[in-house]
Every structure is written in structure tokens, then in C-alpha cells.
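*Asks:* pasting the structure only:
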């Protein structure tokens, strides 16, 4: 039925939990920064980081997109400059990556992720990623989990200046890779982001329910649903037989 399968990342293919705003996290990050030669009192870094990120997000609302995305690297450069440090692009990338690594509590693929993606590849389907994420945070996790080779195209919101559910994010994907929307389906675990955005863009949605209980929507914004959160149903419900 479909030729193009567009996936969300976190909560759909990758199970993840981070802690990016607690006192304990910022203490750990400030300690790590000292080992890199940057000295911040953790409360100062917290105040500068959260207020600067908020300012960038507020300013982005005046742009062309209904759901804009920022570049977290700009936040880091400003924060370090306010503490007297001018950092290079290479340093910025490493400081962002360290921020993410320290914030991670756990990260792993869902048990059926590779079976689903492999089954789609074996069936000759095209696979794309549409993720609300920061490249500085996410690319290392895509490589770590071994997902990169499965995708025919990867779109990360920080690269495109917009995020789901803005239909323009979906349109960028379809235009860049010349996808027929009628031959495409969006797979994700968020109703208000993945599914609502797909519907607004004119793309069928496949909702992966990750909650213990499934509640049927009165007016669902998706065409398909896996009530028990199984990615294998992406194959079976769209006409691709399971192998083995």
C-alpha cells in the first residue's frame, strides 16, 4: 500500500529518559565543565542556560513557522560568552554533546525496532526519519544505536528551523525526497505532534500507543493504530508479511 514510511524517533524507535533540568544534573555538568577548563557555578549556568533558551524560543515565534525550532548551539555560545568564554564551533559541538551524555538516564532501542525497519527494507520500502530534536544531541544517539543505515533520509528539526506538528516539516521531507503523500505514512507515538501534524500535511498516520491503556479517540487523527504499542503491526497492518 505504502512506499514511504516516515518515523518519529524518541518514544517510537528509541526508548529514552533524560534529566536536563534538575539541580543534580546541572551540578554534574558544571563539574564536567571544570574538567574541560570552563568554570561555572552551577546555579549561574542553570540561570543563564534556561533564560537564554527561553529567549531564543520566544524570538523564534515571530518567524514563518507555526512551530519553530531553535539551534541549541547558539544558546551555548551565548551562555559561555556571558561567562567570558568565546568558544569555537568544535568546542560548542563537544559541549552540547557532553550536556546530552550527562543528562541521559537510559537510552535503548525498543525490542521490535530493528525487526520493523529490517522488514520494511526487505520489502523494498523507503524509510525516513522526522524527529523533533537537536542535531548536537541526537546524531551521536543515532550512530550509537546503529539506526543511520536504515534511513533513506533523515530530517532533524534543528536543521530545518521547524518541528512537528507544523505541517511544513512534513512538506520539507516530501519535497526534498520527492515523496508522494498518498504513498506515505507517518509512524509515531505522539497524538498532538506526530499524528496531528501528519493529518494537517495530508499524510496518513499510524499511531503507536505506548501507554499501558489505550483509549480510542472519538475523532482520531490517525488511520492506523497499534493499541499495544507494537511496531510489528506497522508491517502487518500495511500489508507486509512478517518473516520467520
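*Replies:* Thanks, I have the structure now. Since this is a predicted model, take the numbers as computed values, not measurements.

*Asks:* so residue 217 sits right up against residue 192, yeah?
*Replies:* No - using Cβ atoms under 8 Å, residue 217 is not in contact with residue 192; the gap is 11.3 Å. All C-beta spots, glycine's among them, are computed from the backbone N, C-alpha and C.

*Asks:* can you tell me the element residue 206 falls in?
*Replies:* Using DSSP states H and E, residue 206 sits within strand 204-208.

*Asks:* so what secondary structure elements neighbour that strand?
*Replies:* strand 184-188, helix 196-201, strand 224-226, helix 232-237 (3 or more Cβ pairs under 8 Å, 6 or more residues apart in numbering; DSSP states H and E).

*Asks:* which of these sits most buried?
*Replies:* strand 184-188 (a mean of 26; mean count of other Cβ atoms under 10 Å).

*Asks:* direction included, what does it pair up with?
*Replies:* Applying DSSP bridges, strand 184-188 is found paired with strand 4-7 (parallel), strand 204-208 (parallel).

*Asks:* how about these in CSV, adding mean neighbour count?
*Replies:* Formatted as CSV, the strands paired with strand 184-188 follow (neighbours: other Cβ atoms under 10 Å):
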stretch, mean neighbour count
strand 4-7, 26
strand 204-208, 25
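
*Asks:* tell me which element the residue of the chain most remote from its centre falls in.
*Replies:* Within the chain, residue 84 marks the point farthest from the mean C-alpha position, 31.9 Å out by Cα atoms, centre = their mean. Element membership for residue 84, per DSSP H and E: none, as it lies in no helix or strand.

*Asks:* roughly how far apart are it and residue 46?
*Replies:* According to Cβ to Cβ, to the nearest Å, residue 84 and residue 46 sit 17 Å apart.

*Asks:* just the strands in the protein please.
*Replies:* 4-7, 14-18, 104-109, 126-131, 153-156, 184-188, 204-208, 224-226 (DSSP state E).

*Asks:* need these in a markdown table (columns: distance to residue 32 and mean pLDDT).
*Replies:* Shown next, in a markdown table, are these (distance: least, Cβ to Cβ, whole Å; pLDDT from 0 to 100):
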| stretch | distance to residue 32 | mean pLDDT |
| --- | --- | --- |
| strand 4-7 | 32 | 98 |
| strand 14-18 | 15 | 97 |
| strand 104-109 | 13 | 96 |
| strand 126-131 | 26 | 98 |
| strand 153-156 | 24 | 98 |
| strand 184-188 | 33 | 98 |
| strand 204-208 | 35 | 98 |
| strand 224-226 | 39 | 97 |
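
*Asks:* mind putting the ones you listed in CSV, distance to residue 146 included?
*Replies:* As requested, the strands of the chain are exported to CSV (distance: least, Cβ to Cβ, whole Å):
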stretch, distance to residue 146
strand 4-7, 15
strand 14-18, 11
strand 104-109, 8
strand 126-131, 13
strand 153-156, 14
strand 184-188, 19
strand 204-208, 20
strand 224-226, 23
